[in-house]
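>>> Sequence plus the predicted model coming up.
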Amino acid sequence: MRLTHRNAVWLMLLVTLMWSIAGLVSRQLTHAQGLEVTFWRSFFTVLTLLAILPLWQGWSVFRRIPWRSPSLWLSGLCWGIMFTAFMFALTLTTVANVLITMALGPLFTALMSRFVLGHRLPLRTWVAIVVAGAGIVWMYGAQLNFGGDAGGPSGGLLLGSLIALIVPVAGSVQWTVAQHQSRQAATDKAAATIGLVPSVLIGATLSALATLPLTLPWQADVTDLGWLGLLGVVQLGIPCVLAVFCARVLKAPELALLGLLEVIFGILWAWLGAGEAPGANALTGGLLVIGALATNEALGWARQHKDKQHDDFPPSILS
């Protein structure tokens, strides 16, 4: 599958649209709640990838996956944590809170790469980290329930937001592992490169297995299973494969900038389709976070275009 740059941009827009429906679809569920939502989404994702991988690369694809690589399993574990925390957070707090918190992923990855891999961060990235951090503090500040009931509405929103914070933290570990492995593969031909799709398959499997005992007895009815199947197939399985094709054509800053559209699309879907309007603090804090990320990525894009150099997928903020 060969893409022109323009077609890759359009395909990545489609990917972000598919990613962004998670919040809207989760609001259509009537019986399935909590970790059961996570289980079924991960389960249907596993089925989707098990069907797509052989069709895409033949049955030998499973033999080519470096199953003995510790990095592959660490990467898969991180994906499993992300899948579990993301859907669980959506059941506790607003779509806007979850998506804006997830948008911190590139900045966390930059910090992780700085202290683990020794990458130097430009001044613009440190400024973006401070501004985005201020936005998150402003957004979460309204959810603090000083002296109130910890189990009340504010406490529940804050708990969901803190669980959502696990997603970018685990994501930063995952991408740091992938970067380290790619660096090894570039210098050592025997080193295996971690593919996005195999690690996602492992992550979905681990997420389904971990949440299965906690979801019995199942509450989902046939309608819920239809929505959850949509999440596993259309919202996660298919776009992950399409993102691989986009990553072969688009540079890292382009991917990061286009990926931010997931936040905007997701909030709009939940607002228009489920009547979940974001609060004033979420909008203000979200604008600070998205603005800081977009500016940082745009400056990184300009520099990489000038130097004709680019990092591996996905974060570009290290340049």
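Looks like it came in fine.
>>> Please make it C-alpha for all contacts and neighbour counts, starting now.
OK.
>>> If you count contacts, what does the helix or strand where residue 255 lies end up packed against?
In the assignment (DSSP states H and E), residue 255 maps to helix 252-259. Helices and strands touching helix 252-259, by 3 or more CA pairs under 8 Å, 6 or more residues apart in numbering; DSSP states H and E, are helix 5-19, helix 280-307.
>>> for the shortest one, which positions count as buried?
For helix 5-19, a neighbour-count test (16 or more other CA atoms under 10 Å) marks 8, 9, 11, 12, 13, 15, 16, 17, 18, 19 as buried.
>>> Kindly spell out which helices and strands sit in contact with it.
Using 3+ CA pairs under 8 Å, 6+ apart, helix 5-19 sits against helix 238-247, helix 252-259, helix 261-274.
>>> follow-up on the earlier one: okay, the angle between the helix holding residue 255 and helix 280-307?
Between helix 252-259 and helix 280-307, the angle comes out at 160 degrees (axes from the mean of the first three to the mean of the last three CA atoms, to 10 degrees).
>>> now helix 252-259 against helix 238-247, angle please.
150 degrees.
>>> Keeping just the C-alphas, turn helix 252-259 into PDB.
This file holds the C-alpha atoms of helix 252-259, laid out as PDB (Å, rounded to 0.1, in the frame of the first residue of the first chain):
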ATOM      1  CA  ALA A 252       6.700  12.800  13.100                       C
ATOM      2  CA  PRO A 253       5.600  16.400  13.600                       C
ATOM      3  CA  GLU A 254       2.800  16.000  11.000                       C
ATOM      4  CA  LEU A 255       1.600  12.800  12.800                       C
ATOM      5  CA  ALA A 256       1.700  14.500  16.200                       C
ATOM      6  CA  LEU A 257      -0.200  17.600  14.900                       C
ATOM      7  CA  LEU A 258      -2.800  15.600  13.100                       C
ATOM      8  CA  GLY A 259      -3.200  13.300  16.200                       C
END
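>>> Quick check: mean pLDDT of it?
What helix 252-259 shows for mean pLDDT is 73.
>>> roughly how far out does it sit from the chain middle?
Mean-position distance between helix 252-259 and its chain equals 13 Å (CA atoms, centre = their mean, to the nearest Å).
>>> So which elements touch the helix or strand where residue 126 lies?
Following DSSP H and E, one finds residue 126 within helix 123-141. Judged by 3+ CA pairs under 8 Å, 6+ apart, helix 123-141 is in contact with helix 105-112, helix 280-307.
>>> repeat that with 6 Å
helix 280-307 (3 or more CA pairs under 6 Å, 6 or more residues apart in numbering; DSSP states H and E).
>>> Now do the helix it packs on against helix 105-112, angle only.
60 degrees.
>>> Off-centre distance for helix 280-307?
Worked out by CA atoms, centre = their mean, helix 280-307 lies 17 Å from the chain centre.
>>> go on, stretch 114-127?
For stretch 114-127, the distance to the chain centre is 21 Å (CA atoms, centre = their mean).
>>> what is the mean pLDDT for the longest helix seen in the chain?
Secondary structure of the chain per DSSP state H: the longest helix is helix 153-187. Mean per-residue pLDDT for helix 153-187: 77.
>>> can you check stretch 211-223 too?
Mean predicted lDDT for stretch 211-223 stands at 92.
>>> Could I get the buried residue list for that stretch?
Neighbour count says stretch 211-223 has 211, 212, 215, 220 buried, by 16+ other CA under 10 Å.
>>> what's the angle between the worst-scoring helix or strand of the chain on mean pLDDT and helix 5-19?
When the helices and strands of the chain are scored by mean pLDDT, DSSP states H and E, helix 252-259 comes last with a mean of 73. Helix 252-259 and helix 5-19 are oriented at 40 degrees to each other (the same axes, to 10 degrees).
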